[in-house]
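**Q** 3D model of this:
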Amino acid sequence: MARKKTRKVRKGRVFLVLLVLSLFFFGVFSFVKNGNTKDEPPKVSNSNQEEPKEEIPVELPKERRMSLVMVGDALIHEVVYQDALKGGKYDFTSMLSSVGPLIQDYDLKYYNQETIIGGGTPTTYPRFNTPDAFADNMIATGFNLVSLANNHTLDKNESGILYSNQYWKKQENVVTSGTYSSLEERDTIPIYEQNGIKYAFLSYTMATNGLKAPKGKEYLVNVYSKELATKDVTKAKENGAEVILVAMHWGNEYTHKPNATQKEVASDLASLGVNLIIGAHPHVIQPISYVGNTLVIYSLGNFLSGHEAPTLDKTIGLLVGLDIVLDEENVVHFENIDKKLLYTYSSASRKNFKVYPFSELNDKILKNYASLEKEYLEIVDQKV
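**A** Residues are numbered from 1 along each chain as shown. From the prediction side, this is the model:
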């Protein structure tokens, strides 16, 4: 019995030793595997690989911008709309075909509809009425910002304005200003938005060729006064406008120099906080200048016209493109101001009307066009 007991004790001791040894080697293996030995040198990364650095986000300036391109007066004389008459329908597409590519990349595309879209039979000077098809074709070309207040607005009386307003209201994504069908509509200053910028568009004329709206319906067309402009600009700001654009029909016809009234009105509008003034009526180009922080284009000249005496001045107009920028402090300024000359061509028989940029001209279309381009751009850059 004593021998059996001794064997059991020995077996127990052997088992205990084996267990201790197993635990010891297991511990050493784990320690080495995890790299926690005291004498093990630290791991060195490849010298060509830098440790990734945490990127600190940079807050970009909260700058906003929208682009605007402008051309001048659409003055559709009889020779122009007769030239567009094909197969019993008016089609001005070929006259405008070189303009579309010039304006397509801009957000807002402005022109002055000098001759009213008044419905019924087209008429010419002195009391114009232009076919709907012309406006259709201008919209198809890309124009979406249209001034309607000018000295010919009342050419077809109240009925012409009401027809015009109805026509333009049917056009999607086209903004107009200057004529209204009610006092409530006139006094409502709408605010539009483009690229996150809220803007107002106002339009005024200094005269209506002696024609007057019916008594009590002066709202039909915006005739400029400082009081009216002050009221409108103030309301535009109250409604949230960050940028205010004003189309002004002003000045003396056929002169390249702004008159005293233009300068006075420009100063008044600048003092109200108007950012950009777009001028029309002289039918020839005039300078571009700043009045304080307000950019003033005194006259873009004619865009498309068919004057009875088509002097060179009346056939050369201006296209101006620019960026309207609101910086991080919401201050408005202008960048990338681009000035191009346009030429309205017609044959000796007053046919084949077409608006050309000077970049597409040659001496057959307009003789000495290169020297004329320099001459007319110098007018644009004259100091006022």
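**Q** can you tell me the distance between the two ends of stretch 139-155?
**A** 23 Å (CA to CA, to the nearest Å).
**Q** Which residues belonging to the helix or strand where Leu341 lies are considered buried?
**A** In this structure, Leu341 sits in strand 332-345 according to DSSP states H and E. Burial within strand 332-345, assessed by neighbour count using 16 or more other CB atoms under 10 Å, is assigned to 332, 334, 339-344. For every residue, glycine as well, the C-beta is placed using N, CA and C.
**Q** From the chain's centroid, how far away is that strand?
**A** Distance, stretch centre to chain centre, for strand 332-345: 12 Å (CA atoms, centre = their mean, to the nearest Å).
**Q** could you dump that strand to CSV, C-alpha only?
**A** Listed next in CSV are the C-alpha coordinates belonging to strand 332-345 (Å, rounded to 0.1, in the frame of the first residue of the first chain):
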residue,chain,number,x,y,z
VAL,A,332,-20.8,94.0,-54.1
HIS,A,333,-18.1,94.5,-56.7
PHE,A,334,-17.5,93.6,-60.3
GLU,A,335,-15.0,91.3,-62.0
ASN,A,336,-14.1,90.1,-65.4
ILE,A,337,-15.6,93.1,-67.2
ASP,A,338,-15.6,92.2,-70.9
LYS,A,339,-16.5,94.7,-73.7
LYS,A,340,-17.2,93.6,-77.2
LEU,A,341,-18.5,95.6,-80.2
LEU,A,342,-21.4,94.4,-82.3
TYR,A,343,-22.3,95.4,-85.9
THR,A,344,-25.7,95.2,-87.5
TYR,A,345,-25.1,94.3,-91.1
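**Q** Note down every partner strand of the following helix or strand past that strand and its orientation.
**A** Next helix or strand after strand 332-345 toward the C-terminus (DSSP H and E): strand 354-357. Each strand paired with strand 354-357, and its direction, by DSSP bridges: strand 332-345 (antiparallel).
**Q** Closest to Asn362 out of the buried residues of strand 332-345?
**A** Closest approach to Asn362 among those (CB to CB): Tyr343, at 11.3 Å.
**Q** Could you save the buried residues of strand 332-345 as TSV and add columns showing distance to Tyr224?
**A** What follows is these, written out as TSV (distance: CB to CB, whole Å):
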residue	distance to Tyr224
Val332	22
Phe334	24
Lys339	26
Lys340	29
Leu341	28
Leu342	27
Tyr343	31
Thr344	28
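**Q** I'd like to know which of these is nearest to Val243.
**A** Nearest to Val243 among those, counting by CB to CB, is Val332 at 5.7 Å.
**Q** What residues sit buried inside stretch 66-78?
**A** By neighbour count on 16+ other CB under 10 Å, the buried set for stretch 66-78 is 66-77.
**Q** Same check on stretch 261-275?
**A** By neighbour count on 16+ other CB under 10 Å, the buried set for stretch 261-275 is 262-263, 265-266, 269-270, 272-275.
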